[in-house]
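S.K.: Got a predicted structure here, sequence first:
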Amino acid sequence: MARSILFVHAHPDDESIGTGATMAHYAAQGAHVTLVTCTLGEEGEIHVPELAQLEAAQADQLGGYRLTELRSALAALGTIDARMLGGAGRYRDSGMMGTLANEHPRAFWGADLEEASMHLVEIMDEVRPQVVVTYDANGFYGHPDHIQAHRVAMRASEIAAERGFGPSKIYWTAMPLSVLKAGVEALADSTDNPFAAVTDVADFPFGTPDEEVAACIDGSDHHDAKVAALKAHATQIPETSWLYSIAGNFGQEFMGVEHYTLAHGVRGRGDGPYGWETDLFSGLPDGSPAAR
Ligand SMILES: CC(=O)N[C@H]1[C@@H](O[C@@H]2[C@H](O)[C@H](O)[C@@H](O)[C@H](O)[C@H]2O)O[C@H](CO)[C@@H](O)[C@@H]1O
Ligand SMILES: [Zn+2]
């Protein structure tokens, strides 16, 4: 059976920021890589001055523009089967938690869970992913669309399993505390250190104890592709972004390596002190067992 992996993300840019190296890694291996993006990102900031008038409060065209950014980003990552949940524009970016945009009639945060999940079930029935990747229950950092993407991905996987085509493994994006700590220390001398006020990595809304992480995907061969994908999302990620500091100054291990917890399925063989899998398909009938 050909390898099929499905990524469920909230906004255009999340796919590159959180899983860009993993997507490029599996696309390069010839796996069928499907990305489902749940909103167009209509409520985002705009870091490109000449596009400022596209913002929600003016022309309200940022969503359409971010779709073009997404297409450019995915072209950098490889052959990706890109879908919008329910079709482009069905669910709207809900804005940050507690903002007025949460109340928009099409806000993803207020979507009917069963209806939204059925849109994903249809895609899962078509592409039959052995592996699904999404966020943890907090949406990695608490954004309402990320939390809702988690809920939809998990509910759709339940329905798919009831219908005989559920994924064998479900992963949630994760940042090991050891990596987070190393990243903060590496940025300490940076002039535009975004974490200057951080005194303890526990202050971040994300961070997973290393022993709870299940997989570490080394996509450092695709570091440049991930950086190109980030640059495609120029309205969201300014050239001064700390993401580029990490990418440029501190080696590929921060940007080219992505980590996951295992939410469903049986963990395959792994490496290192915590036995982290090096392949998300590890342990599956056609999954190559992790090299020792
Ligand atoms: C990575 C991600 O999920 N980005 C979201 C997020 O963007 C944040 C938002 O614009 C906030 O106002 C900024 O202070 C913060 O720096 C941004 O990361 O929320 C947006 C609105 O829902 C969303 O469009 C964007 O993709
Ligand atoms: Zn997002």
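M.R.: Happy to help now that I have it. Ligands and ions are numbered 1, 2, ... in the order given.

S.K.: Report the distance from the longest strand seen in the chain to the chain centre.
M.R.: Under DSSP state E, the strand in the chain containing the largest number of residues is strand 257-264. Averaging C-alpha positions (Cα atoms, centre = their mean, to the nearest Å) puts strand 257-264 11 Å from its chain's average.

S.K.: burial of the nearest residue to Met97 once chain neighbours are set aside, as a residue count?
M.R.: Spatial nearest neighbour of Met97, excluding adjacent residues (Cβ to Cβ, 6 or more residues apart in numbering): Pro144 at 5.2 Å. Any C-beta I mention is one placed from the backbone N, CA and C, and that applies to glycine too. Neighbours of Pro144 under the rule other Cβ atoms under 10 Å: 22.

S.K.: Buried residues in the longest strand of the chain, which are they?
M.R.: By 16 or more other Cβ atoms under 10 Å, the buried positions in strand 257-264 come out as 257-264.

S.K.: Tell me the one of those residues nearest Gly18?
M.R.: Distance to Gly18, by Cβ to Cβ, is smallest for Glu258 among these, at 7.1 Å.

S.K.: wait, isn't the closest one in contact with Gly219?
M.R.: Yes. Between Glu258 and Gly219 there is a contact at 6.4 Å, judged by Cβ atoms under 8 Å.

S.K.: Closest one of the buried residues of strand 257-264 to ligand 1?
M.R.: Nearest to ligand 1 among those is Glu258, at 14.7 Å by Cβ to the nearest ligand atom.

S.K.: what sits against the closest one?
M.R.: The neighbourhood of Glu258, defined by Cβ atoms under 8 Å, 6 or more residues apart in numbering, consists of 18-22, 173, 216-217, 219.

S.K.: CA atoms only: put the longest strand of the chain into CSV for me.
M.R.: Only the C-alpha atoms of strand 257-264 are listed here, as CSV (Å, rounded to 0.1, in the frame of the first residue of the first chain):
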residue,chain,number,x,y,z
VAL,A,257,13.8,18.8,12.7
GLU,A,258,10.2,18.5,13.9
HIS,A,259,8.8,16.6,16.8
TYR,A,260,5.5,14.8,17.6
THR,A,261,3.7,13.1,20.4
LEU,A,262,1.7,9.9,19.5
ALA,A,263,-2.0,10.3,20.2
HIS,A,264,-3.2,7.1,18.6
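
S.K.: sorry, back to before: make a markdown table out of the buried residues of strand 257-264 and add pLDDT and distance to ligand 1.
M.R.: Formatted as a markdown table, these follow (pLDDT from 0 to 100; distance: Cβ to the nearest ligand atom, whole Å):
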| residue | pLDDT | distance to ligand 1 |
| --- | --- | --- |
| Val257 | 95 | 19 |
| Glu258 | 96 | 15 |
| His259 | 97 | 17 |
| Tyr260 | 98 | 17 |
| Thr261 | 98 | 19 |
| Leu262 | 98 | 23 |
| Ala263 | 98 | 20 |
| His264 | 98 | 24 |
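
S.K.: and of those, the nearest to His11?
M.R.: The closest of the buried residues of strand 257-264 to His11 turns out to be Glu258 (Cβ to Cβ; 17.6 Å).

S.K.: For the closest residue to His47 other than its chain neighbours, pull up the helix or strand it's in.
M.R.: Of all residues not flanking His47 in the chain, Pro238 sits nearest, at 3.9 Å (Cβ to Cβ, 6+ apart). Using DSSP states H and E, Pro238 falls within no helix or strand.

S.K.: go on, Leu6?
M.R.: Applying DSSP H and E, one finds Leu6 within strand 4-9.

S.K.: residue in the stretch 151-292 of the chain nearest to ligand 2?
M.R.: Relative to ligand 2, the nearest point of the stretch 151-292 of the chain is Gln236 (8.8 Å; Cβ to the ion).

S.K.: quick one: contacts for the closest residue to that residue other than its chain neighbours?
M.R.: With sequence-adjacent residues excluded and distances taken as Cβ to Cβ, 6+ apart, Gln236 is closest to Asp13, at 4.6 Å. Asp13 sits next to 41, 44, 66, 69-70, 73, 230, 233, 236-237 when contact means Cβ under 8 Å, 6+ apart.
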